[in-house]
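> Next input, structure requested:
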Amino acid sequence: MLIRKIYNYYFSKDKRLARQLKQVLGYVPSRMHLYKLAFYHKSMNNNNNKNQHNERLEYLGDSLLSSIVAEYLFKKYPQGDEGFLTKMRSKIVKRKTLNKIAKFMGIDVILSEYSQGRISNSMLGNALEAVVGAIYLERGYNKTKNYVIKKILLRYLDVHELEETDDNFKSQLLEWGQKNNILVDFKLVSKYKYEKRDRFKVGVVIDGEEISVADDFNKKAAEQSAAQRAMTKMKLN
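Residues are numbered from 1 along each chain as shown. Modelled structure (predicted):
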C-alpha cells in the first residue's frame with residue numbers, strides 16, 4: 001500500500017490530484033479511482049457509462065455521515081433526548097453545513113478542475129459525502145469514523161454554536177402551522193434543466209394559497225429558501 005501511495009504521489013497520471021488530496025485529506029490515497037470519481041458530478045458525464053459520476057459514492061457517504069454523527073452526538077450528550085439529538089444531527093448533516101465544511105477543506109478547488117459548468121453550493125456538499133464514501137471503501141468503517149470525528153467535526157464545526165442556532169426554516173414553518181392549526185404544505189412547482197443539471201422550483205402553500213417560491217439545484221435547499229421567504233413575508237422571523 002505504501003508503494004502504491006508513493007507511485008500515486010510521484011508517478012501516476014493523477015499525481016496532481018493525489019497531491020491536492022494530500023492537502024485536503026492529510027494523506028495520499030492508494031485507490032485513486034475512488035476519489036477521482038467522488039469529484040465527478042452527474043452533469044459532467046459525457047460518456048455512455050451511466051455510473052461514471054459520484055451519486056453512488058454520495059449515497060454511501062450520506063449514510064455513513066448520518067450514522068457517525070448520530071453515535072458522536074449520543075456519546076457527547078448523554079442527557080440529550082431523542083428530539084434534541086435528531087435536531088442536532090439534522091443541523092450537522094444538512095446541505096448548508098456540508099457545503100461550508102467542503103469549502104473550508106478545499107474541496108471546491110479540486111471540484112472546479114473537474115467541472116464543466118458553474119459549481120453550485122450543493123455540489124460541494126455532494127462531493128464531501130462522496131469523499132467520505134471513498135474513504136470508507138478504502139479504509140473501512142472505524143478509520144472513517146475516526147477521520148470524520150477528528151478531521152471534520154472537531155476541526156470545522158462549532159457544535160456548541162449549533163446548539164444555539166436554528167436556521168431550519170422549513171421545520172420552523174411547519175411547527176408554526178401545527179401550533180396555529182394552519183395547513184402548511186410544500187409543493188414542487190417545476191423541475192427543469194439548467195447547465196445540464198436538474199433544478200427544482202418549490203412553492204410554500206398555506207391554507208391553499210401560494211405564499212412564496214424558490215428554486216435551487218437541490219430540492220431540500222429550495223424548500224428551505226421558500227420557507228425562509230414565506231416567514232419573512234409573514235413577518236415570522
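> Where does residue 173 fall, secondary structure wise?
Residue 173 is located in helix 169-179, with elements delineated by DSSP states H and E.
> okay, the residue nearest to residue 118 when sequence neighbours are not counted: pLDDT?
Leaving aside its sequence neighbours, residue 118 sits nearest to residue 195 (C-beta to C-beta, 6 or more residues apart in numbering; 5.9 Å). The C-beta positions use only the backbone N, C-alpha and C, and glycine is treated the same way. We note a pLDDT of 74 for residue 195 in this prediction.
> So residue 195 versus residue 79, what's the distance?
Relative to residue 79, residue 195 is positioned 47 Å away (C-beta to C-beta, to the nearest Å).
> Comparing the two, which residue is more hemmed in?
Legend: neighbour count by other C-beta atoms under 10 Å for residue 195 and residue 79, higher for residue 195 (12 against 5).
> tell me the contacts of the spatially most central residue of the chain?
By C-alpha atoms, centre = their mean, the chain has its centre lying nearest to residue 125, at 3.1 Å. If a contact means C-beta atoms under 8 Å, 6 or more residues apart in numbering, then residue 125 has 95-99, 101-102 as its contacts.
> Just the buried positions in the helix or strand containing it, please.
Following DSSP H and E, one finds residue 125 within helix 121-139. Neighbour-count burial for helix 121-139 flags 121-136, 138-139 (criterion: 16 or more other C-beta atoms under 10 Å).
> circling back: surely the residue nearest to residue 118 and residue 119 touch.
No. Look at residue 195 against residue 119 with C-beta atoms under 8 Å: they stay out of range, at 10.1 Å.
> next helix or strand past the longest helix anywhere in the chain?
Among the segments of the chain that qualify as a helix by DSSP state H, the longest is helix 55-76. Going down the chain from helix 55-76, the next helix or strand is helix 82-93, by DSSP H and E.
> Against which helices or strands is that next one packed?
helix 55-76, helix 159-164 (3 or more C-beta pairs under 8 Å, 6 or more residues apart in numbering; DSSP states H and E).
> how about a markdown table for the ones you listed, with mean pLDDT added?
As requested, the helices and strands packed on helix 82-93 are exported to a markdown table (pLDDT from 0 to 100):
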| stretch | mean pLDDT |
| --- | --- |
| helix 55-76 | 97 |
| helix 159-164 | 87 |
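> ranking those by burial, who's on top?
Comparing the helices and strands packed on helix 82-93 by mean neighbour count (mean count of other C-beta atoms under 10 Å), helix 55-76 comes out on top with a mean of 17.
> Next, the distance between the ends of stretch 154-170.
Start and end residues of stretch 154-170 are separated by 27 Å (C-alpha to C-alpha, to the nearest Å).
> Go ahead and name everything in contact with that stretch.
Contacts for stretch 154-170 (C-beta under 8 Å, 6+ apart): 76, 87-88, 90-92, 94, 96-97, 100-101, 104-105, 153, 172, 186, 223-224, 227-228, 231, 237.
> How much space separates the closest residue to residue 103 other than its chain neighbours from residue 39?
Closest residue to residue 103 apart from its sequence neighbours, by C-beta to C-beta, 6+ apart: residue 124 at 5.9 Å. Separation of residue 124 from residue 39 (C-beta to C-beta): 11 Å.
> and for these two, which residues touch both?
With C-beta under 8 Å, 6+ apart, residue 124 and residue 39 have common neighbours 107, 111.
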